[in-house]
Every structure is written in C-alpha cells, then in structure tokens.
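Asker: Predicted model follows, preceded by the sequence.
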Amino acid sequence: MLRSLLNSRSILRNFRAISTETTVAAGDESIIDFVDTVTESSEGQNQSFASLLRNSKFMQLGDFNGRLVVGKIVHRIQDDVYIDFGLKFNAVCKVPAANSEAYRSGARVLIRLLDPELSERFLGSKRDLTLLEADAVLVRLLSNVPRKPRQKTSTDSAAETPVEPTKETTSEGTASPPTQ
Amino acid sequence: MRRVVTSAIRAERAFSTRFTASLQKPTPSTSTSAASATPDRATLEKGTVQPTVLKPYVSASLQHEDLFNFEKLIHVDEMFKARLHYGHKVGTLNDNMKWALYGERLGVCIFDLDVTKKFLVRALNFVAHVAMRGGMILFVTSNRDSMFDVEKAAEEVGQYSHVRKWQSGTLTNTRQLLGASVRLPDAVCFLSTLTSLGENHPAIIEAAKMAIPTIGVVDSNSDPAYLTYLVPGNDDTPQSTEYLMRMFKEAVRKGQEERKRLQQGK
C-alpha cells in the first residue's frame, strides 16, 4: 500500500517535471522567433515564386503535426477563439477557464498545430469534405492585446483593484475604436 | 486576309507604344484599307465556329494583351504575402484545377503564382475594359468572413455586390422577381465560387445562361466550369480576398479614369 502511494507520488513528481519542462520550452524565445508568422519570408521584390516558397516558414515548418506556432486571435465568440497563424485557415480553440478575459482578439497565443485543414472523406464520396478550419490545441497566452489596452492593463495592475479594472478596460474598449 | 492581319499587327504595335493616341480613333485599321472595316460573309461564317478569325476586325484597344499595364502592378511576393498560394488538401482537389498547381506539400496543394499572375492580369484587363466602357460589374461572394469587405470595396468604386443568399432566378427571372425589366450586370466577378456547403454558386450557371461574362477566383476544390476568366488562388483567407479586391478596385478605377479622359477628349 505504502509502496504504491510512493510510486504514485514519484509519478506525480515526474508529471510535474514534464509540465515545467514544456513550459520552459514554450517560453523559449528562439522557438517563438522561428515559427512567428508562417507567411513571413525574406524580403526581395524580384524573387521568383519557387525561391519565395522554398524560403518560406511554411516550408521550414516541415510536418505540421505537433508544431508549436504563434498565432493571433482574430475573433472570439463566447468561449471559442479563432486564431490566425499564417496558413489558409484559422484554428478554433476553446478558451481555458483561467484568465479567460485575456484571450481577446488581438492577443498573441502559442498553439500546437495538429492539422492545417480538417478534412475527411466520407463513405461513398469521391472527394473530401472540409470543415474550413485548422485543428490546433491552445497552449498558452504570449502577450495581451497590443498598444492602448495593454498600457491600461499595466496601469490597472499597478493600481491592483480587482473589480474596477475590468470596468475601465471595457469602457476604454468601447472608447478606443474612434481614435484608431 | 493576310494584308488585314499585317495591318492589324502594325496597328497594335503603334498602339502598344502610345495607346492613348490610338484610343481616340477606335479603328485605325480602317484608314489603311477600307475593306477591312467589316468582315465579309465567309469570314463571319467562319467566326461562328472559330471566333479568333474575327480578331483583326475588333477595335485596336481590344487587341492589346495588357492595355492598362497590370503586369507591373502585380508582384508575386505581394500575392505570396496575401497567401494566395495556399490551396486545400489534396483530398478535396478538383481534377480540373490541376493545371494551376505548383505541387503539393505534405498534403496541402500549392498554387503556382506565376500562373496565377498571368491569369489575374488577364482578368484585371477585362475588368478595366468593362469599366472603361461604362459597364456594370457585380461582385459576388458567399464567404461569410469577407462579405462585408467585398460589399464595401464594391461600393467604393461605384460597382455592385451580392454577398447574401442567392435567390434562384435573380438573373434569369428578373421580370417575375422584380416586376420590371432591369439592367443586368455586364460582368459578374466571383470572389469565391463555392457556397459554404461546398456546392457551386448558383449564380455561375445563371450568368452563363444570360451570356454574362464571369470572372471567378477558383480554389483547388472549385469547379472552373462555366467561368469565363479564371483566377486560380486561395479564396478562403480574408487576406487574399482583400488583396484581390484591392486589385479589382484598382482595375475598375483605371478603367473609369480612362473613360473620363476619353469623354473629355471628345
């Protein structure tokens, strides 16, 4: 009995170690730089399409399955966020329960890409049926909504009043579009 | 016949150097030989089967491949940044779209942007020509992400758009639906040719029935049948639709400016 408990504890410890490792790996800036905006390519007006494609991040990405990719939230409907990561389709992910307010459109997130397009061939059909979206798992938030809202949130965190900041950010959120 | 062709070629060469001068007199070939202004009966009959034999008789501005110089306006790297080269997965590929593909990368189709550029120039040239002659262009899409952008862009250049559900007979049965005879668009431009269910847009067939020329942005899973001018490329990403709309807008603007200049010249 005791031994099994010990075993389970060690397993738990292992789990913890793994989870910290993954967060460290996710926090590594070099990886983020590498996969940042898949469409971004080296500049040059006169490059041929072949060389553009060859030097693109899309090619450097290699096999899509399990790649960590930086994306930008372009849309949010209740608990679903639409993440644009530079390929054809957006990835649709559920917002985690913790800190769900931060997952607004404009925020940068790290995702683990599974499939660039969800398509499947159904029995009897000649061609695949596509859902027109990518499959990915949301890993974590990289940065909050840029510029104005971010400055406000930083001042809010300095003030450290739990209820008011949300009100302020919402009021500024409505106020900011005319200035932009 | 040979003389006609050579005179037309000469006219075209003169035209390519300064097209504004020759635009003011629409048929410069008439000055060289009066007989070439109208084709004879035999040529007309041949033209019903092979329309290209009538090419020497059409106005010189139509002879030019790229009258408004769109070749300079379109850059492959811009199209690349607009993600125009991404196709669907190979499983969804339509066999009739294979000609436009560069290849396949790990199951994802990639369009050859050199081919896309060639076809986009052709389509833009047509759009500008329609706008130059005061034509009405209808922009159609069924993509929910880009419908508002398309509506706005069409309105900006004084053209029309249809981005909602297509009621069958909108083009073919106007008398019944609208109660009055209306002017149909002179060209229909599809920013996506498939509906969200993956079916062909019903307006393609209707435009073909009414002999309205169509421009279609066709993705790797679309059916290019019944479309007059094809633009192979990504039609799902908002960025690529935005880029294409910008180009179409530019083409309409160029045509309208040319029209204004011609009217002021007269």
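Answerer: Cool, got the structure. Numbers count the residues shown, from 1 in each chain, chains lettered A, B, ... in the order given.
Asker: Every contact and neighbour count from this point should use C-alpha atoms.
Answerer: Noted.
Asker: and residue B:157, what does it touch?
Answerer: Residue B:157 makes contacts with B:249, B:252, B:253, as judged by Cα atoms under 8 Å, 6 or more residues apart in numbering or on different chains.
Asker: What's the separation between the nearest residue to the last one once chain neighbours are set aside and residue B:150?
Answerer: To tie it back to what came earlier, the one meant is residue B:253. Of all residues not flanking residue B:253 in the chain, residue B:157 sits nearest, at 6.8 Å (Cα to Cα, 6 or more residues apart in numbering or on different chains). Residue B:157 sits 11 Å away from residue B:150, going by Cα to Cα, to the nearest Å.
Asker: can you give me the helices for chain A?
Answerer: Remark: helices assigned in chain A by DSSP state H are A:2-27, A:29-35, A:49-54, A:57-60, A:148-159, A:164-179.
Asker: send the alpha carbons of the helix or strand where residue B:42 lies over as PDB?
Answerer: Assigning secondary structure by DSSP states H and E places residue B:42 in helix B:41-49. C-alpha atoms of helix B:41-49 as PDB (Å, rounded to 0.1, in the frame of the first residue of the first chain):
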ATOM      1  CA  ARG B  41     -19.800  36.900 -95.200                       C
ATOM      2  CA  ALA B  42     -17.400  33.900 -95.400                       C
ATOM      3  CA  THR B  43     -15.300  35.300 -92.500                       C
ATOM      4  CA  LEU B  44     -18.400  35.900 -90.400                       C
ATOM      5  CA  GLU B  45     -19.500  32.300 -91.000                       C
ATOM      6  CA  LYS B  46     -16.100  31.100 -90.100                       C
ATOM      7  CA  GLY B  47     -16.300  33.300 -87.000                       C
ATOM      8  CA  THR B  48     -19.300  31.400 -85.700                       C
ATOM      9  CA  VAL B  49     -17.100  28.400 -85.300                       C
END
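Asker: chain center to it, what's the gap?
Answerer: Chain-centre distance of helix B:41-49: 26 Å, with Cα atoms, centre = their mean, to the nearest Å.
Asker: what's whichever helix or strand comes after that helix packed up against?
Answerer: Scanning forward in sequence from helix B:41-49 by DSSP H and E, the next helix or strand is helix B:60-63. Counting by 3 or more Cα pairs under 8 Å, 6 or more residues apart in numbering or on different chains; DSSP states H and E, the packing neighbours recorded for helix B:60-63 are helix B:2-17, helix B:19-24.
Asker: where among these is the average confidence lowest?
Answerer: When those are ranked by mean pLDDT, helix B:19-24 comes last with a mean of 42.
Asker: Can you name the residues of the stretch 151-266 of chain B sitting close to chain A?
Answerer: Residues of the stretch 151-266 of chain B lying near chain A by Cα under 8 Å from any Cα of the partner chain: B:234, B:236, B:237.
Asker: Recalculate using a threshold of 6 Å.
Answerer: residue B:237 (Cα under 6 Å from any Cα of the partner chain).
Asker: Nearest to chain A: which residue in the stretch 151-266 of chain B?
Answerer: Relative to chain A, the nearest point of the stretch 151-266 of chain B is residue B:237 (5.7 Å; Cα to the nearest Cα).
Asker: and that residue, how far is that from residue B:139?
Answerer: Taking Cα to Cα as the measure, residue B:237 falls 17 Å from residue B:139.
Asker: ok, the two, which is more surrounded?
Answerer: Remark: of residue B:237 and residue B:139, residue B:139 carries more neighbours, 27 against 22, as counted by other Cα atoms under 10 Å in any protein chain shown.
Asker: Residue B:164 is in contact with the more buried one, correct?
Answerer: No. With contact defined as Cα atoms under 6 Å, residue B:139 does not count as touching residue B:164 (11.4 Å).
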